[in-house]
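*Asks:* After the sequence you'll find the predicted model.
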Amino acid sequence: MASTGFFEKVYEVTKQIPYGRVTSYGAIARYLGSSGSARMVGWALNGSNENPDIPAHRVVNRNGMLTGKHHFQGTNLMQQLLESEGIEVIENQIQNFEKFFWDPTKEL
DNA sequence: AGGTTGACATTAT
DNA sequence: CATAATGCCAACC
């Protein structure tokens, strides 16, 4: 149920991330109108861990670094998923992040 | 009803 | 240039 709608919106945006693309917490937060609540996006994704429909592995920090991989089941599960989508990830860092970056405010 | 937390981002030292 | 501290907002306890 939509307590505030923030969580659900984060889920929807994350679900709409196209295959082989990634976005940042700040970008999603900004799209939701809360540019300063980037941390909330991470919190929302924390619950998305049980939602198979939420590709949280496609969401990284603005640096393109897999900061949230520690919250995943496996140790390098997040990296493997990204690599499986054609994204080059080295040392938890996405290569050519700008090239794979998907901006919801721009695409949606 | 209030205090703490948090998968970030930005600025300051 | 690298590290530290602060700000933001909403959810969780």
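*Replies:* Thanks, I have the structure now.
*Asks:* what's the burial count for the closest residue to DNA strand B within chain A?
*Replies:* Distance from DNA strand B to each residue of chain A (C-beta to the nearest atom of the strand) is smallest for residue A:68, at 1.9 Å. Quick note: C-beta positions are derived from backbone N, CA and C, even for glycine. Residue A:68 has 19 neighbouring residues, counting by other C-beta atoms under 10 Å.
*Asks:* again, but for residue A:74
*Replies:* For residue A:74, using other C-beta under 10 Å, the count is 10.
*Asks:* hang on, it is in a strand, isn't it?
*Replies:* No. Checked against DSSP: H, G, I helix; E, B strand; the rest coil, residue A:74 lies outside a strand; its state is coil.
*Asks:* Just the pLDDT for it.
*Replies:* pLDDT recorded at residue A:74 is 80.
*Asks:* List the contacts of the helix or strand residue A:28 falls within.
*Replies:* Secondary structure assignment for residue A:28, by DSSP states H and E: helix A:25-32. Here helix A:25-32 makes contact (C-beta atoms under 8 Å, 6 or more residues apart in numbering) with A:6, A:9-10, A:13-14, A:35-42, A:59-62, A:101, A:103-105, A:108.
*Asks:* beta partners for the residue nearest the centre of chain A?
*Replies:* Centroid-nearest residue in chain A, with C-alpha atoms, centre = their mean: residue A:59, separated by 1.5 Å. Under the criterion DSSP bridges, residue A:59 forms beta bridges with residue A:23.
*Asks:* what residues does chain A put near DNA strand C?
*Replies:* A:3-4, A:6-7, A:34, A:36-40, A:43, A:47 (C-beta under 7 Å from any atom of the strand).
*Asks:* tell me what the host helix or strand of residue A:12 is packed against?
*Replies:* Taking DSSP H and E as the definition, one finds residue A:12 inside helix A:6-15. Other helices and strands packing on helix A:6-15, by 3 or more C-beta pairs under 8 Å, 6 or more residues apart in numbering; DSSP states H and E, are helix A:25-32, helix A:38-48.
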